[in-house]
Every structure is written in C-alpha cells, then in structure tokens.
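Student: Mind looking at a prediction? Sequence and model below.
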Amino acid sequence: MKAYIHAKGFVLTGKASEIRYILKECSTLYMTVAELVKSEAERRSGLR
C-alpha cells in the first residue's frame with residue numbers, strides 16, 4: 001500500500017481492503033480531505 005500526498009489531494013494505491021482501512025483510519029482524525037492535505041503539508045514543511 002502506498003499513499004502519495006500532494007498539494008491538491010492524495011492518491012492511494014494497493015488492495016481495496018488496505019485502502020478502505022486507511023480511509024477509515026483517516027476519517028477518525030480528519031473531517032475532510034482538505035484537512036488531511038493541509039496537515040501533511042505542514043508536517044512536511046516542518047521537516048525541511
């Protein structure tokens with residue numbers, strides 16, 4: 001399973017069951033995709 005997160009959204013690749021699991025996990029932390037992308041962008045900018 002791989003997740004590619006970029007400024008406009010994200011792409012998940014892998015088996016359908018893996019993708020469903022990740023989406024359920026993310027839905028407990030974030031209400032929208034925009035929140036997920038924003039938090040990942042902030043996290044990545046802090047690493048540089």
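Tutor: Great, that's in hand.
Student: what helices or strands is the helix or strand encompassing residue 37 leaning on?
Tutor: Counting by DSSP states H and E, the element that carries residue 37 is helix 33-47. For helix 33-47, the packing partners by 3 or more CB pairs under 8 Å, 6 or more residues apart in numbering; DSSP states H and E come out as strand 2-6, strand 9-13. The way it works is simple: take the backbone N, C-alpha and C, and place the C-beta from them, glycine included.
Student: Make CSV from the ones you listed and add mean neighbour count to it.
Tutor: Compiled in CSV, the helices and strands packed on helix 33-47 are given as follows (neighbours: other CB atoms under 10 Å):
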stretch, mean neighbour count
strand 2-6, 11
strand 9-13, 12
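Student: Dump the helix or strand hosting residue 28 to CSV, keeping only the CA atoms.
Tutor: Here residue 28, judged by DSSP H and E, is contained in helix 16-29. Taking C-alpha atoms only, helix 16-29 is exported to CSV below (Å, rounded to 0.1, in the frame of the first residue of the first chain):
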residue,chain,number,x,y,z
ALA,A,16,-9.1,-2.5,-1.9
SER,A,17,-9.2,-3.7,1.7
GLU,A,18,-6.0,-1.8,2.5
ILE,A,19,-7.4,1.4,1.0
ARG,A,20,-10.7,1.0,2.9
TYR,A,21,-8.7,0.5,6.2
ILE,A,22,-6.6,3.6,5.6
LEU,A,23,-9.6,5.8,4.7
LYS,A,24,-11.5,4.7,7.9
GLU,A,25,-8.4,5.5,9.9
CYS,A,26,-8.1,8.9,8.3
SER,A,27,-11.8,9.6,8.8
THR,A,28,-11.3,9.4,12.6
LEU,A,29,-8.6,12.1,12.5
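Student: Averaged pLDDT, it. What do you get?
Tutor: The average pLDDT within helix 16-29 is 91.
Student: what packs against it?
Tutor: In terms of contacts (3+ CB pairs under 8 Å, 6+ apart), helix 16-29 is packed against strand 9-13.
Student: Are there helices or strands packed against the strand it packs on, and which ones?
Tutor: Against strand 9-13 (3+ CB pairs under 8 Å, 6+ apart) you get strand 2-6, helix 16-29, helix 33-47.
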